[in-house]
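> sequence and predicted model, in that order:
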Amino acid sequence: MKPLNVIKVIAKLLYHAITRHNRYVLKFNREDDGVWYIDFPGWPFKHHNLAMVGGADKLCTFLAHGATSVTVEVIATNHRKDLAGYGLLTRTGSSLLAGADYEPSGFGNFSHGVWICPVTLFVLERYPKYIFISRKSLLSQE
């Protein structure tokens, strides 16, 4: 772990804490080991911490439609909205160091519960009550 990378991550967290973004574009890749990982450039800790597990991997597979990469738009909020074209994850429980559990809806035939780990705090800065997810088109992923 390089100190400069740790400083960059801390700076990013502070920036997001101040500006409080709600909309993100996130990319996930299925690597040669068959595991899905979030694309997080400059992550200063071990790569395996970025792995999608606990149903998040199944959601990535569902959204990727057979591809090894998927880009999604995420809207993180504590207020329920009516957003056409988005699936919804609703938080059912959370603990700062143990992650958060979410129930999916609006994803067609995908109904597997999703657990997200504390790395989410580096990406979304919190465990939002609602996470709206929309797969970006293939053209926008190029």
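Right, received. Where do you want to start?

> hey, which helix or strand in the chain has the poorest pLDDT?
Ranked by mean pLDDT, DSSP states H and E, the weakest helix or strand in the chain is helix 138-141, scoring a mean of 49.

> ok, His48 - how many residues close by?
His48 has 10 neighbouring residues, counting by other CB atoms under 10 Å. (Glycine included, C-beta is placed from N, CA and C.)

> correction: the previous question concerned Glu31.
Residues lying near Glu31 (other CB under 10 Å) number 11.

> where exactly do the strands run in the chain?
For the chain, strands defined by DSSP state E occupy the ranges 23-30, 36-38, 69-77, 87-95, 99-105, 114-116, 130-135.

> any chance of those strands in a markdown table, plus mean pLDDT, distance to Gly55 and mean neighbour count?
A markdown table is the format used below for the strands of the chain (pLDDT from 0 to 100; distance: least, CB to CB, whole Å; neighbours: other CB atoms under 10 Å):
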| stretch | mean pLDDT | distance to Gly55 | mean neighbour count |
| --- | --- | --- | --- |
| strand 23-30 | 95 | 14 | 16 |
| strand 36-38 | 97 | 11 | 21 |
| strand 69-77 | 96 | 15 | 18 |
| strand 87-95 | 97 | 10 | 16 |
| strand 99-105 | 97 | 8 | 19 |
| strand 114-116 | 97 | 4 | 21 |
| strand 130-135 | 96 | 13 | 20 |
